[in-house]
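Trainee: mind looking at a prediction? Sequence and model below.
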Amino acid sequence: MNEFILVFITCPSKEKALEIKDMLLKERLAGCINLISDISSFFWWQKKLDFAREVLLLIKTHKRLFKELCEKVKKLHEYSVPEIIAVPISLRLTRLFRMVKGKFKVIKIWNIGESQK
């Protein structure tokens with residue numbers, strides 16, 4: 001049974017994305033977060049086609065933490081309706097973190113070129 005999810009959150013700026021990233025990691029609501037700068041988003045908003053330059057956060061977490069993660073992100077996010085989408089992680093090469101008391105604890109971080117055994 002898969003219990004880990006990948007959460008996508010778009011942010012209006014790199015500064016806001018970093019603020020959200022810092023909060024999620026500090027509160028151990030995520031095991032790992034990637035930030036992708038300067039994405040182009042195209043969408044319908046208020047009955048019109050719209051466009052925005054955004055920053056995307058890719059957040060690896062546990063599905064049990066999703067509700068709390070959403071609540072915390074909504075408090076920090078500038079959008080009235082932030083995009084927060086989760087998909088299950090069906091396969092992963094290694095387990096880099098584990099849950100401890102409902103939060104993440106890093107087991108080991110590998111350096112480039114180091115064996116991951």
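Mentor: Thanks, I have it.

Trainee: what's the helix or strand where Glu71 lies in contact with?
Mentor: If you go by DSSP states H and E, Glu71 is part of helix 66-76. Under the criterion C-beta atoms under 8 Å, 6 or more residues apart in numbering, residues 5, 7, 9, 16, 19-20, 23-24, 27, 29-30, 59, 61, 82, 84, 86 lie in contact with helix 66-76. Every residue, glycine included, has its C-beta placed from N, CA and C.

Trainee: now the element after it, going C-ward?
Mentor: strand 84-88.

Trainee: now do the same for the closest residue in space to Lys14 that isn't next to it in sequence: helix, strand or coil?
Mentor: Counting by C-beta to C-beta, 6 or more residues apart in numbering, Lys14 lies nearest to Val55, which is 5.1 Å off, once chain neighbours are set aside. Under DSSP: H, G, I helix; E, B strand; the rest coil, the three-state class of Val55 is strand.

Trainee: so where do the helices sit in this structure?
Mentor: Counting by DSSP state H, the chain has these helices, from start to end: 14-26, 66-76.

Trainee: pick the most deeply packed of these.
Mentor: Compared across the helices of the chain, helix 14-26 shows the largest average neighbour count, a mean of 17 (mean count of other C-beta atoms under 10 Å).

Trainee: where does Ser115 land on pLDDT?
Mentor: Looking at Ser115, its pLDDT is 49.

Trainee: same question, Ile33
Mentor: pLDDT, Ile33: 94.

Trainee: same check, this time on Ile36
Mentor: Looking at Ile36, its pLDDT is 98.

Trainee: hang on, it packs against Glu54?
Mentor: No. Counting by C-beta atoms under 8 Å, Ile36 does not reach Glu54; the two are 9.3 Å apart.

Trainee: just to revisit the earlier point, just the contacts of helix 66-76 now: which is nearest Lys48?
Mentor: Ranked by distance to Lys48 (C-beta to C-beta), these are led by Pro82 at 19.3 Å.

Trainee: burial measure for that closest one, as a count.
Mentor: 16 (other C-beta atoms under 10 Å).

Trainee: same check, this time on Lys63
Mentor: Neighbour count of Lys63, defined by other C-beta under 10 Å: 14.
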